[in-house]
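>>> A predicted structure for the sequence below; I have some questions about it.
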There are 2 protein chains.
Amino acid sequence: MRVEVFFTPGELQGADVAGRTVVVIDVLRATTTIAEAFAAGARAVYPVASVEEAARLASTLGRDEVLLCGERRCLPIEGFDLGNSPREFTSERVAGKALVMSTTNGTYAISLATGAERVITASFANLGAVAAAIAGDTDVVIVCAGRQGRFALEDAVCAGLLLEALAGPGGSAPEGGDAVDAARSLAGSFAPTREMLANTAAGRDLIDAGLGDDLELCARIDRLDLVPVIRDRHIELLETAAA
Amino acid sequence: MRVEVFFTPGELQGADVAGRTVVVIDVLRATTTIAEAFAAGARAVYPVASVEEAARLASTLGRDEVLLCGERRCLPIEGFDLGNSPREFTSERVAGKALVMSTTNGTYAISLATGAERVITASFANLGAVAAAIAGDTDVVIVCAGRQGRFALEDAVCAGLLLEALAGPGGSAPEGGDAVDAARSLAGSFAPTREMLANTAAGRDLIDAGLGDDLELCARIDRLDLVPVIRDRHIELLETAAA
């Protein structure tokens, strides 16, 4: 397996994703929340860039079946049904619903993967399931959403743990470039915990916004055995062999 | 001291460098070569973006006093006097000369620092001298040149070792964001050696171009006690208290 890691979306721009599997990581919080939404029974997630696009798409899809969700500066968007906190995505709220989601970093990173063979979203929550789903792929690109276009430690550590999971116990390490080596090293140095996330820039933003309780949930590894995958304009659950 | 680290120049674009000290790192090879050039007695280095700009500037400065140097795809540029290999910059060749230099990644990163309080170039070769020169500064930005806009491990490790040197034995760690924590961790995991550089993407490029002998020189720490600093359009030696 050949793997490339991009620590920021800006490094990916112009890179060729055609024919490759792209894994998008935004631990705090978009890809954690997407995994949580599917665990709670959401039918689909539509990632969109702007509030205006979210409103337009919701009216196309039929407002009754849709929940608008997302954040700006960590906080829920005015007039939306849900923010971007995974704790909000309970089965009572989202089961059977289509979610139209707009976040600052995650949905932008997802948009860059247009043209890929397939696009999957990963977080600490579903690392093992993602590793199993892509283990047979030959050419993988891991895109860290970062924070405001810059390096985010939690996404790099998540990329590194995904690489470790792909290597497996006794397995061969995926081949890759400098960022692959760095991500694996960082995953060995920074174990994901609430405290580790609280020391990142994105974690401090959440604490400052009164959303520090999200961190513990976002830090927990492999609590969800599911793989969100993009089909056309929306994200749905990948049907795995085990399902 | 407050420090920010940018692993790629693209992350810096639009960031405010006014009033701050910017340290540019391009271990393979621009900032190593710049340090080497000054050690060999060069009078000044003019970083320029293009071959055309290099030729124009050389004719302005007076062709007899100037050496054209730099690379494209690691190799010397046709019609130029020197490539970008630090081994070429001997006192026989460059003493008393002004060098007009164009490289792929390093000179671009330097150009982004326009407007900074001061701009310094660092590499493994002059880490300790740079740390001593900026130890009293309150607001420092470290910019890794990277490779073709992407993360380069050797530059990140150099940034981390510079942060360690600033912290000093028993000193307090500089405050910063996620990339500061990551750079320090990577510096602890990847000691700069010829072998370490040979495993990076930029190192492999050099080996493929027949320039693998550069790696050993580029890996050696603190062999040059000098600090290149930008004044207007050129780089010159910082007059340090010890000088």
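Received the coordinates, thanks.

>>> Which positions in stretch A:203-221 come out as buried?
A:G203, A:D205, A:L206, A:I207, A:L211, A:D214, A:L215, A:L217, A:C218, A:A219, A:R220 (16 or more other CB atoms under 10 Å in any protein chain shown). Backbone N, C-alpha and C define where each C-beta goes, glycine included.

>>> The first one against A:L28, yeah?
Spelled out, that is A:G203. Yes - in this structure A:G203 lies within contact range of A:L28 using CB atoms under 8 Å: 6.3 Å.

>>> Common neighbours of those two, please.
Taking CB atoms under 8 Å, 6 or more residues apart in numbering or on different chains as the contact rule, the neighbours common to A:G203 and A:L28 are A:E154, A:L197, A:L215.

>>> Closest one to B:A165 out of those residues, please.
When the shared contacts of A:G203 and A:L28 are compared for distance to B:A165 (CB to CB), A:E154 wins out at 26.9 Å.

>>> Do you know the pLDDT at the closest one?
At A:E154 the predicted local distance difference test score is 98.

>>> what do you get for A:S172?
64.

>>> Report how many residues lie close to the nearest residue to A:A18 once chain neighbours are set aside.
Here the nearest residue to A:A18 in space, its sequence neighbours aside, is A:G115; by CB to CB, 6 or more residues apart in numbering or on different chains that works out to 5.2 Å. Neighbours of A:G115 under the rule other CB atoms under 10 Å in any protein chain shown: 12.

>>> before we move on, what about A:T21?
For A:T21, the count of nearby residues is 23 (other CB under 10 Å).

>>> give me the beta-bridge partners of it?
Residues found in beta-bridge contact with A:T21 (criterion: DSSP bridges) are A:R118, A:V140.

>>> can you give me the strands in chain A?
For chain A, the strands defined by DSSP state E cover A:2-6, A:21-25, A:44-47, A:66-72, A:75-76, A:98-102, A:118-122, A:139-144, A:228-231, A:234-237.

>>> from these, which stretch is densest packed?
Per-residue neighbour counts averaged over each of those give the maximum for strand A:21-25, namely a mean of 28 (mean count of other CB atoms under 10 Å in any protein chain shown).

>>> so what does it touch, helix or strand wise?
The elements that strand A:21-25 packs onto, with contact taken as 3 or more CB pairs under 8 Å, 6 or more residues apart in numbering or on different chains; DSSP states H and E, are helix A:106-111, strand A:118-122, helix A:127-134, strand A:139-144, helix A:153-167.

>>> My guess is A:A55 contacts A:L68. True?
Yes - A contact is recorded between A:A55 and A:L68 when judged using CB under 8 Å, the distance being 7.4 Å.

>>> List the buried residues of the helix-or-strand element of chain A with minimal mean pLDDT.
The least trusted helix or strand in chain A, going by mean pLDDT, DSSP states H and E, turns out to be helix A:106-111, with a mean of 89. Going by neighbour count (16+ other CB under 10 Å), the buried part of helix A:106-111 is A:G106, A:T107, A:Y108, A:A109, A:I110.

>>> same question, stretch A:42-61
In terms of neighbour count (16+ other CB under 10 Å), stretch A:42-61 has its buried residues at A:A42, A:R43, A:A44, A:V45, A:Y46, A:P47, A:V48, A:V51, A:A54, A:A55, A:L57, A:A58.

>>> just to revisit the earlier point, quick one: closest of the helices and strands packed on strand A:21-25 to B:A182.
In terms of CB to CB, the element of those nearest to B:A182 is helix A:153-167, at 5.6 Å.

>>> which parts of that closest one are buried?
For helix A:153-167, burial by neighbour count (16+ other CB under 10 Å) applies to A:153-166.

>>> Ignoring the adjacent residues along the chain, who's closest to A:G203?
Taking CB to CB, 6+ apart as the measure, A:G203 lies nearest to A:L197, with 4.2 Å between them; neighbours along the chain are not counted.

>>> How about A:V45?
If the residues on either side of it in the chain are set aside, A:V45 comes closest to A:I235, at 4.3 Å by CB to CB, 6+ apart.

>>> what does A:L99 give?
By the measure of CB to CB, 6+ apart, the closest residue to A:L99 outside its immediate chain neighbours is A:V45, 4.7 Å from it.

>>> check contacts around that neighbour.
With CB under 8 Å, 6+ apart as the criterion, the residues that contact A:V45 are A:I34, A:A37, A:F38, A:A98, A:L99, A:V100, A:M101, A:P228, A:H234, A:I235, A:E236.

>>> Go through those and name the one nearest chain B.
Within the set of the contacts of A:V45, A:I34 lies nearest chain B; the separation is 22.0 Å, counting by CB to the nearest CB.

>>> From what I see, A:C69 and A:M101 are in contact.
Yes - with contact taken as CB under 8 Å, A:C69 and A:M101 are classed as touching, separated by 5.0 Å.

>>> so how many other residues sit close to A:E175?
Applying the criterion other CB under 10 Å, we find 10 residues in the vicinity of A:E175.

>>> distance of the closest residue to it other than its chain neighbours from chain B?
For A:E175, the nearest residue in space outside its immediate sequence neighbours is A:R2; the separation is 5.4 Å by CB to CB, 6+ apart. Remark: distance between A:R2 and chain B (CB to the nearest CB, to the nearest Å) = 13 Å.

>>> thought A:R2 was touching A:D139?
Yes - with contact taken as CB under 8 Å, A:R2 and A:D139 are classed as touching, separated by 5.2 Å.

>>> residues contacting the residue most central in space within chain A?
What sits nearest the mean C-alpha location of chain A, by CA atoms, centre = their mean, is A:T31, with 2.4 Å. If you count contacts by CB under 8 Å, 6+ apart, A:T31 has them with A:V24, A:I25, A:G106, A:T121, A:A122, A:S123, A:A145, A:P228.

>>> Show me which pair in these is furthest apart.
Every pair in those was compared (CB to CB); the two farthest apart turn out to be A:A145 and A:P228, at 14.2 Å.

>>> tell me which parts of chain A are close to chain B?
Contacts of chain A with chain B, taken as CB under 8 Å from any CB of the partner chain, map to A:5-8, A:10-11, A:147, A:149-154, A:156, A:177-179, A:181-182, A:185-186, A:188-190, A:199-201.

>>> run the last query once more with 7 Å
Contacts of chain A with chain B, taken as CB under 7 Å from any CB of the partner chain, map to A:7-8, A:10-11, A:149-153, A:156, A:177-179, A:181-182, A:185-186, A:189, A:200-201.

>>> Filter the residues you listed down to the buried ones and hand me the PyMOL line.
Paste this into PyMOL to select the buried members of the residues of chain A next to chain B, with burial taken from 16+ other CB under 10 Å:
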select buried, chain A and resi 7+8+10+11+149+150+151+152+153+156+177+178+179+181+182+185+186+189+200+201
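
>>> Can you flag which of the residues of chain A next to chain B belong to helices?
With helices identified by DSSP state H, the entries of the residues of chain A next to chain B that belong to them are A:G10, A:E11, A:L153, A:A156, A:D178, A:A179, A:D181, A:A182, A:S185, A:L186, A:S189, A:A201.

>>> distance of the second one from A:A109?
What it means is A:E11. Taken as CB to CB, to the nearest Å, the spacing of A:E11 relative to A:A109 amounts to 11 Å.

>>> First-to-last residue distance for stretch A:74-93?
Distances were taken as CA to CA, to the nearest Å; on that basis the terminal residues of stretch A:74-93 are 20 Å apart.
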